[in-house]
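J.: Whatever this is, show me its structure:
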Amino acid sequence: AIDGLELSLFSGEGQVSGLELKNPTGFSEQNLFELDKISLSVDPESLLSQEIHIRSIVIDQPKFCFEQGMSGSNWQKLIQNLQAFSAKSADNSPQASTEAGSTIDDTPMPKILIDSLAIQQAQVKLSALGLEKVLEIPSIHITDLNPQGQALEAHELLIQVSERILQEMTQLPLPTKLKG
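T.: Predicted coordinates for the structure are as follows:
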């Protein structure tokens with residue numbers, strides 16, 4: 001869910017507010033993450049093309065939840081779900097059939113090129129076996145999301161970003177005591 005979106009079509013500057021993603025099924029915490037403020041800068045000319053160029057995204061003070069279950073973490077499950085969607089998307093034909101039996105060309109979703117993604121002042125709530133602890137994540141700055149400068153589909157970028165966030169969370173020093 002998103003609370004708000006503002007984007008100047010002239011400057012390409014914008015902001016997304018109140019973005020939440022629910023946890024995958026089987027996890028007790030309500031949200032996987034809450035992003036209150038996302039600032040972005042987009043090349044406005046690219047908005048009408050098949051390759052959207054995002055100059056920068058800055059996610060300020062996000063709240064992440066890392067919940068470990070018996071069969072893995074909620075972030076691992078998110079990545080698995082995105083990979084399954086990606087595989088299904090790759091299997092789909094570029095043409096769709098109508099009920100009348102004729103075919104129409106599906107307009108492909110635009111691909112996305114991101115120059116810079118910064119995640120600042122993030123918190124992660126670690127949760128395992130009913131115990132929890134909130135930790136700070138060091139700032140993350142990613143400039144290599146698009147290999148060889150190639151634009152990617154949104155779900156491919158989400159997989160890469162999710163893997164990087166998971167990597168940062170799993171490298172945090174574990175607290176000696178969790179409070180339940």
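J.: What is the longest strand seen in the chain packed up against?
T.: Of all the segments of type strand in the chain, defined by DSSP state E, the longest one is strand 31-42. Packing partners of strand 31-42 (3 or more C-beta pairs under 8 Å, 6 or more residues apart in numbering; DSSP states H and E): strand 13-22, strand 51-60, strand 63-69, helix 74-91. For glycine as for every other residue, the C-beta is placed from the backbone atoms N, C-alpha and C.
J.: what distance separates the first one from the centre of its chain?
T.: Between the mean C-alpha point of strand 13-22 and the mean C-alpha point of its chain there is a distance of 11 Å (C-alpha atoms, centre = their mean, to the nearest Å).
J.: rewinding a little: now, of the helices and strands packed on strand 31-42, which is deepest in the fold?
T.: Neighbour counts (mean count of other C-beta atoms under 10 Å) averaged over each of those peak at strand 63-69, with a mean of 20.
J.: ok, and what's touching that one?
T.: If you take C-beta atoms under 8 Å, 6 or more residues apart in numbering as the criterion, strand 63-69 is touched by 23, 26-29, 31-36, 73-75, 122-129, 137, 165-166, 169.
J.: just the angle between it and strand 31-42, please?
T.: Computed by axes from the mean of the first three to the mean of the last three C-alpha atoms, to 10 degrees, the angle separating strand 63-69 from strand 31-42 equals 140 degrees.
J.: who does strand 63-69 pair up with?
T.: Sheet pairing of strand 63-69 (DSSP bridges) gives strand 31-42 (antiparallel), strand 72-73 (antiparallel), strand 122-128 (parallel).
J.: Export the helices and strands packed on strand 31-42 as TSV, with columns for distance to residue 116 and mean pLDDT.
T.: As requested, those are exported to TSV (distance: least, C-beta to C-beta, whole Å; pLDDT from 0 to 100):
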stretch	distance to residue 116	mean pLDDT
strand 13-22	14	95
strand 51-60	4	96
strand 63-69	20	90
helix 74-91	22	86
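J.: mind putting these in JSON lines, distance to residue 113 included?
T.: As requested, those are arranged in JSON lines below (distance: least, C-beta to C-beta, whole Å):
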{"stretch": "strand 13-22", "distance to residue 113": "16"}
{"stretch": "strand 51-60", "distance to residue 113": "5"}
{"stretch": "strand 63-69", "distance to residue 113": "25"}
{"stretch": "helix 74-91", "distance to residue 113": "18"}
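J.: Without its sequence neighbours, what residue ends up closest to the spatially most central residue of the chain?
T.: Centroid-nearest residue in the chain, with C-alpha atoms, centre = their mean: residue 158, separated by 4.2 Å. Nearest residue to residue 158, sequence neighbours excluded (C-beta to C-beta, 6 or more residues apart in numbering): residue 82, at 5.5 Å.
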